[in-house]
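**Q** Kindly return the folded structure for what I paste below:
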Amino acid sequence: MSWELASFALLFCALAAGFGWYERTHPSSKVLALVATLAALAALGRVAFAPLPNVKPTTDIVLLAGYALGGAPGFVVGAVAALASNVFFGQGPWTPWQMGAWGLVGILGAVLGAASGRRLGRVPLGVACLLAGLLFGATLDFSTWVTFSGEHTLAQYLALSATSAWFNVAHAVGNLVFCLAFGPAFVRALLRFRERFTVRWEPLTPGALPAAALIVALAVVAGAGGLARPRQAEAADAATTRATAYLLRAQNRDGGFGTARGSGSSPLPTAWAAIGLAATGRTPRHAAAWLARGAGRTAGRCCVSASASPCAGSRWRPARRRPRCCSSPSPSRRVRQGWPDRGRRTPPTPRRRAPPATS
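**A** Sure thing, here's the model as predicted:
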């Protein structure tokens, strides 16, 4: 077996173990969304700073993600960021090595967070990102030595490391600058998000028993109140049923409704009764038909309500013998009461021209 085949086999086993570790943690949808967002941010940071040789905030984002979220999310953020960013830079035999190197950076960030209690300041975090940049460069030098070197000797590895030293130093210094700029704020945001989706089960102390009993009592009272709500709904349904039955009994044979049970049909009570029946889910067909027949006769007839005028109980009457209570006020009364005179138009008075002056 050649060096290349053996190294790639070990590398793929390490990557499979890392992704399997993440899958066994059964991350929630919120954690999946956060990990995907961080991986996309790391890949975008690498692409955005491509004009600067080997200066990119990807290593900082991966290390801080592992520092705040843990080893498995940190590994996935680094591996996916390398795979996604190489869609822009080009895939090749270096892609698995970059995935493994940045995944290792995420795991080391988780170890650093667990050892320090996630309470490091700005400068210690910056130093950690600087060392992570040097480790990433050494790993890629090793990948070049394994993949493209004919004789795998220590002298060749040192020669490759000396050639890429300036690029590794630029990467490490860039990591330090980026971490000093946004490292603590980025960690605070990730820790705050982690507090929102993390659930911790703590043992119940003896002093908390009264509080637990109070919570249980409140839950029982709330459940009793929830049982009382269906009873109120049943009482409201019974009242609606009685009102609907009364309306149906009060309906006249012609389909309309009067102002009282047994009185003559009138448009306004019929309309209100139809609206009430429609609100209960019934279709007031007879009332609607009565209103439609009455609307066709309103052009030459008028309806008098039993509570609106002295001529109570009267029905549709011809317009030519309209009672006084249905007639509109006279023009003189319109003027006295301030009504607009719409029934009669007075022709405008012509202006008289003055006769021409005679000398």
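**Q** Can you give me the neighbour number for the nearest residue to Thr283 once chain neighbours are set aside?
**A** Leaving aside its chain neighbours, Thr283 sits nearest to Leu277 (7.8 Å; criterion: C-beta to C-beta, 6 or more residues apart in numbering). (Each C-beta comes from the backbone N, C-alpha and C, glycine too.) When counting by other C-beta atoms under 10 Å, one arrives at 21 neighbours for Leu277.
**Q** Same question for Leu190.
**A** By other C-beta under 10 Å, the residues close to Leu190 number 19.
**Q** Same question for Ala114.
**A** 13.
**Q** Pull up the gap between it and Arg242, please.
**A** 70 Å (C-beta to C-beta, to the nearest Å).
**Q** Also Leu268?
**A** Taken as C-beta to C-beta, the span from Leu268 to Arg242 is 23 Å.
**Q** neighbour-wise, which of the two wins?
**A** Between Leu268 and Arg242, counted using other C-beta under 10 Å, the more crowded position is Leu268 (12 against 9).
**Q** Pull the distance from stretch 108-115 to the chain's centre.
**A** 34 Å (C-alpha atoms, centre = their mean, to the nearest Å).
**Q** ok, now stretch 260-275?
**A** 48 Å.
**Q** buried set for it?
**A** By 16 or more other C-beta atoms under 10 Å, the buried positions in stretch 260-275 come out as 263-267, 269-271, 273-274.
**Q** can you check stretch 27-36 too?
**A** 27, 31, 34-35.
**Q** Just the endpoints, please. Distance across stretch 252-268?
**A** 14 Å (C-alpha to C-alpha, to the nearest Å).
**Q** Report the residue ranges of every domain in the protein.
**A** 3-197, 256-307 (automatic domain parsing).
**Q** same for the helix or strand Leu112 falls within, what does it pack against?
**A** Using DSSP states H and E, Leu112 maps to helix 94-116. When contacts are defined as 3 or more C-beta pairs under 8 Å, 6 or more residues apart in numbering; DSSP states H and E, helix 94-116 packs onto helix 3-24, helix 58-69, helix 71-89, helix 122-148.
**Q** mind listing what's buried in it?
**A** Here helix 94-116 shows 94-110, 112-113 as buried, counting by 16+ other C-beta under 10 Å.
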